[in-house]
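Colleague: got a predicted structure plus its sequence, pasted below:
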Amino acid sequence: MSPPPPASSPSESLYRQIIDSLKEVVFQADAQGRWTFLTPMWTELTGFPVDQSLGRRAVEFIHSEDRLRAQELFHLVLNRQTDSRHEVRFLPLEGRPLWVELFARPLLGDDGRLQGVCGTLTDVTGRRRTSDALARRERYLSALVEMQHRLLAAQQEGNLYKDVLEPIGRASGASRVYLFEVQRSDSGQQFMHQRAEWCAPGVKPEFGNPRLQHLPVEPDFHRWGELLSRGEVVSGLVKDFPPSERAVLEPQGIRSILVLPLRVNDVWAGCVGFDNCVEEREWDRLEVDLLSAAAGAISLELEHRQSESALRERETRYRQLAENASDIQYRYRMEPPRAFLYVSRVVSDRLGYSPEEHYANPELWRQRVHPEDLPLLTQTMEAPQQVGSKPVVLRFNARNGRTRWLEHTVAPVLNSNGRAVLVEGIARDITERREVEEQLKLSEASFRILLEGVPDAAAIQRDGRIVYANNALVSALGFDRAEQLVGRALSQFVEDDVEEVPGPPPDPSGIKGMVTGERRLVRRDGKTRVAEIVSLPLLFDGAPAVVSIARDVTEQRQLQARLTLADRLASVGTLAAGIAHEINNPLAFVISNLSFLSEEMRRSQLSLEAGGVGSTTHPPATPKQRSRAELDLVEWQEVLSEAYEGAERVRQIVRQLKTFSRPDEERLSPVDVHQVLDSVVMMAANEIRHRAQLHKDFGPVPNVMANESRLSQVFLNLVVNAAQAIPEGQAHHNAIRLVTRRLDPGRVLIEVQDTGSGIPREALGRIFDPFFTTKPVGVGTGLGLSICHGIITNLGGEISVESELGKGTTFRVVLPSLEPRTRSRPSNQPAQVSLTQRRGRVLVVDDEPGVGKVLRRILKDHEVEVAAGGRQALERLQREPDHFDAVLCDVMMPDLGGKDLYEAVRRTHSGLERRFIFVSGGAFTTNAREFLEAIPNPKLEKPFNEPALRQIVQELVSRGPSSTR
């Protein structure tokens, strides 16, 4: 078929010129699918000349696997006369297949009759290749996370390098990965010593090579020393290296190499090397950056160990100085197991207890402190950073029965991660001074009896200043003693704008300090309480004054807000459960179909590797054809694997939706905090990825007794808050870190750290107050952290926060734990039981047609019949109750649910119900959940675990129908 005739008018010529200049290929095809028109861009895209392509069928240029799909698209456009768009692979004249977006629409003639199709072809190959690069990046990041976990284990075991090289070796595809330390001799000469090595299967280890245990840097590796000491890398093909370096590397079979420096306190301390003994391949920039992060993690661990050694030396010097001081000097370990690490000898003179008695009893001060001062002592010893440099006065009962007043000045000792692990303090005896002060206070106590019987907070003000405050007000504002309030104005603790109440004052000078109405009181620690305040004028000690009484209504207001929020959360949970159910059904047959295609592809590849099968019509493939086909099969297998991986990620997300969809359930059970945190990270991934890099520093911790959905709500709120505290666009400069630690027996610590903007110091004390938020108007309600505080407190735990503007925030959650019990961990794979293999009869009951098709394929070794709903299945079972060996039944169906079908069968054909296997995609009602928990039948979730499904069915088939009677 010839190309269209030349343009017959200037306008047509201009139109043709515009069409030919487009970056997409513009085409026309007749009703038989043959090209009738192609723009010159066709030749640039595929390499085929236009004149040689016209008249040929379009499917000849399409990849064989995509031809059927392309033909269906072509017929769809012709039959329905609608537009359609799809991505298919075109075969160019040379090179690999191209991914092309095919847009087609019906082509009508002047008489309105259908002549064929027209449309465009757009090259999208670059976009597809980008997705491959992202997958490689994910592989490296996973390896870095695993290496961090192994570094933590190495820290605990004392062996820094054990097993940390394997993850990055496998991720990089290297033949050999090793680590060298650099040391200097007494003469100043540098030597490299090999300390660890990992080898890929089939690669000869070099760890025992004596030449690598005392390798001098000079003169043979002078170039390496200069580059690595400057923080640069050594990389390239060994054949291009200097002869002195090749003499060491080539006997090891190394063809290309990458060496990264290790730096401790900004000094070159060693290197990590990656050998390639199979091919001459250089590492690209992305790989170098990611592997440099692994080298950086090892460097940080080396620095940490050096810091601990320096700390021990400092402690020795500290003890020598402390023994000669007149004040008590002490050091106390804050982390479990808590203990006095050092107490100076003068403590025996002050309290009557020797240092040895302190070492034997870490709780000695808590037992001897005045009961009123116990909270302040706890804060001083466990959170010294909150006390600061301000002296803290505490009362202790000495051994002789006398009360001693000790003025403490404390400072925290931080580890390399910036976390307070010790508290150092000096306690000065001020007993004589305080006894004199207490005698003076007793002479002024007569007027304070007036309001002590009032249960609500009360204050008396004169000239706008407090002259008396009862204990309820002192406690409500977070102070220790009433004297701390005397002389201050009550209005300075009221957050709302206060106007003095107008009216005729009894004194010409007027009355100051009239505060009325519902106000928010700001405590000493910054927390906010809501109170109803009433103020009245009166005469006090013969002079005009104002008495103000405040009733705390915080809990009532908070309860009202929580009820409103709970109603909204219930609606969101119902919606999430429905979405999870609707996604799980199609996801079940998508994953199963991908698995089936992958297996078929593997079989085809094995057949092709075996040489193929010849026939009279199709001669055996030549070696070149087999090689090309093998490459295509490998690529298609990779595409299927990527699609399967994506579907699996969707399955995990849907699984988390099911967890978050039942916030109204309050049942407590053992919960794995790591599983909760992993779920939260998946749910919050979209918030995190554009703002920060996520790091998990998980330690071995026991389960906690909690409600999983409530705990997930707490940590989702904390993680999202951490992400929103970091601006978008600089994810590589910011981090969110999740840390878990086991404190003492019975407690687990979880930290959410971020490098965001931080929280102002004045707001830290109020961060858990209801209705308080640091976010802009319309972004936060001020209830999230308050609800988190309530959930953690109700679980018997604690939640606290530390923050510094411009440096970030750390939320700490401490939960009571369950002591670990020895028990066998459930296997992910079903137990393999020897079963009699026979072909059985299986009834599949599911309202989703795709699920039925998938189950028919999975159970192809059996005779499978599919019922499109519960009612159809009931009719079939009632006709022939003994016909089926097993019944695979969905739980949630519109016409007759799985529970109702089960009950109906049990009533009419007792024993048949024991052949049921229930499958579900989620969205359980309370009634359905209780039903599944009560029955002994097997249960499976969508998407299916195919081996488990086959084995459960085979078990029922092997028993036969008679076993259920």
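Modeller: Happy to help now that I have it.

Colleague: quick one: residues contacting the residue positioned nearest the centre of the chain.
Modeller: Per C-alpha atoms, centre = their mean, the C-alpha nearest to the average position across the chain is that of Val681, at 2.4 Å. Residues near Val681 by C-beta atoms under 8 Å, 6 or more residues apart in numbering: 688, 694, 696, 719, 738. Every C-beta, even on glycine, is put in place using the N, C-alpha and C of the backbone.

Colleague: OK, contacts around the fourth one?
Modeller: Residues counted as contacts of Val719 (C-beta under 8 Å, 6+ apart) are 680-681, 684, 687-688, 736, 738, 752.

Colleague: 10 Å instead, please
Modeller: Contact analysis of Val719 by C-beta atoms under 10 Å, 6 or more residues apart in numbering lists 677, 680-681, 683-685, 687-688, 694, 736, 738, 752, 754, 811.

Colleague: just to revisit the earlier point, now, the contacts of Val681 that are in strands?
Modeller: 694, 696, 738 (DSSP state E).

Colleague: on that earlier part again, among the contacts of Val719, which pair sits farthest apart?
Modeller: Using C-beta to C-beta, the pair of those lying farthest apart is Ala685 and Phe811, separated by 19.3 Å.

Colleague: still on that earlier bit, from the contacts of Val681, which shows the smallest pLDDT?
Modeller: Ranked by pLDDT, the contacts of Val681 bottom out at Ile688 (89).

Colleague: what is the burial count for the closest residue in space to that residue that isn't next to it in sequence?
Modeller: Among residues not flanking Ile688 along the chain, Ala723 sits closest, at 5.0 Å (C-beta to C-beta, 6 or more residues apart in numbering). Using other C-beta atoms under 10 Å, Ala723 has 23 other residues around it.

Colleague: and for Ala482?
Modeller: When neighbours are defined as other C-beta under 10 Å, Ala482 has 17 of them.

Colleague: then Gly208?
Modeller: Neighbours of Gly208 (other C-beta under 10 Å): 9.

Colleague: pretty sure the residue nearest to the centre of the chain sits in a helix.
Modeller: Yes - counting by DSSP: H, G, I helix; E, B strand; the rest coil, Val681 is part of a helix.

Colleague: helices of the stretch 451-600 of the chain, start to end?
Modeller: If DSSP state H, counting those that start in this stretch is used as the criterion, the helices of the stretch 451-600 of the chain fall at 471-476, 554-609.

Colleague: weakest of these by average pLDDT?
Modeller: Lowest mean pLDDT of the helices of the stretch 451-600 of the chain: helix 554-609, a mean of 65.

Colleague: can you show me the helices along the stretch 651-800 of the chain?
Modeller: Under the criterion DSSP H, counting those that start in this stretch, helices of the stretch 651-800 of the chain are mapped to 673-683, 685-689, 708-724, 761-764, 784-794.

Colleague: got phi/psi on Leu22?
Modeller: Backbone geometry at Leu22, expressed as degrees, to the nearest 10, gives phi -70, psi 150.

Colleague: same deal with the one 10 residues further on?
Modeller: Gln32 adopts backbone torsions of phi -90, psi 0, taken as degrees, to the nearest 10.

Colleague: and Ile426, by the same measure?
Modeller: Ile426 adopts backbone torsions of phi -130, psi 130, taken as degrees, to the nearest 10.

Colleague: tell me the pLDDT of it.
Modeller: Listed pLDDT for Ile426 reads 91.

Colleague: list the residues that contact it.
Modeller: Neighbours of Ile426 in contact, by C-beta under 10 Å, 6+ apart: 322, 325, 327-330, 344, 391, 406-411.

Colleague: only whichever of the residues you listed are buried, select them in ChimeraX.
Modeller: What follows is the ChimeraX syntax selecting those of the contacts of Ile426 that are buried according to 16 or more other C-beta atoms under 10 Å:
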select :322,327,328,329,330,344,406,407,408,409,410,411
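
Colleague: still on that earlier bit, out of the contacts of Val719, which is nearest to Glu232?
Modeller: Nearest to Glu232 among these is Leu694, at 28.8 Å by C-beta to C-beta.

Colleague: pretty sure the closest one contacts Ile726?
Modeller: No - at 11.5 Å, Leu694 does not count as touching Ile726 under the criterion of C-beta atoms under 10 Å.

Colleague: which neighbours do those two have in common?
Modeller: 688, 735-736.

Colleague: for the residues you listed, which single residue is the most surrounded?
Modeller: Of all the shared contacts of Leu694 and Ile726, the highest neighbour tally under other C-beta under 10 Å goes to Ile736, namely 27 neighbours.

Colleague: that one is in contact with Phe811, isn't it?
Modeller: No - with contact defined as C-beta under 10 Å, Ile736 does not reach Phe811; the gap is 11.1 Å.

Colleague: who touches both of those two?
Modeller: In contact with both Ile736 and Phe811: 718-719, 722, 752-754, using C-beta under 10 Å, 6+ apart.

Colleague: closest to Ile168 among these?
Modeller: Ile168 lies nearest to Gln753 out of these, by C-beta to C-beta, at 24.4 Å.

Colleague: and Pro216, what is it in contact with?
Modeller: Residues near Pro216 by C-beta under 10 Å, 6+ apart: 185, 189-192, 222, 225.

Colleague: what bridges to it?
Modeller: Going by DSSP bridges, Pro216 is paired in beta bridges with Phe191.

Colleague: make 21 the first number, not 1, from now on.
Modeller: That works, and once the first residue is 21, the last one we named lands at Pro236.

Colleague: I'd like to know how far it sits from Pro230.
Modeller: Applying C-beta to C-beta, to the nearest Å, the value for Pro236 to Pro230 is 14 Å.

Colleague: equivalent analysis for Asp789, please.
Modeller: As for Asp789, its distance to Pro230 is 67 Å (criterion: C-beta to C-beta).

Colleague: confirm Phe68 sits in a helix?
Modeller: No - Phe68: not assigned to a helix; according to three-state DSSP it is coil.

Colleague: so what's it closest to, chain neighbours aside?
Modeller: Leu113 (5.4 Å).

Colleague: returning to that earlier point: can you say which of the helices of the stretch 671-820 of the chain is packed in most?
Modeller: Among the helices of the stretch 671-820 of the chain, ranked by average contacts under mean count of other C-beta atoms under 10 Å, first place goes to helix 728-744 (a mean of 22).

Colleague: may I have that one exported as CSV, CA atoms only?
Modeller: The C-alpha trace of helix 728-744 is given here as CSV (Å, rounded to 0.1, in the frame of the first residue of the first chain):
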residue,chain,number,x,y,z
GLU,A,728,-2.6,-3.2,69.1
SER,A,729,-4.9,-0.7,67.3
ARG,A,730,-4.6,1.8,70.2
LEU,A,731,-0.8,1.4,70.3
SER,A,732,-0.7,1.8,66.5
GLN,A,733,-2.7,5.0,66.9
VAL,A,734,-0.2,6.4,69.4
PHE,A,735,2.9,5.7,67.3
LEU,A,736,1.3,6.7,64.0
ASN,A,737,0.6,10.1,65.6
LEU,A,738,4.1,10.4,66.9
VAL,A,739,5.7,9.4,63.6
VAL,A,740,3.5,11.7,61.5
ASN,A,741,4.2,14.6,63.9
ALA,A,742,7.9,13.9,63.5
ALA,A,743,7.6,14.0,59.7
GLN,A,744,5.5,17.2,59.7
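
Colleague: give me the pLDDT value at Pro30.
Modeller: On the pLDDT scale, Pro30 gets 68.

Colleague: with Ser529 instead?
Modeller: pLDDT for Ser529: 36.

Colleague: same question for the one 10 residues further on.
Modeller: With respect to pLDDT, Arg539 scores 84.

Colleague: from memory it sits against Glu552, does it?
Modeller: Yes - in this structure, Arg539 is within contact of Glu552 by C-beta under 10 Å, at 8.0 Å.
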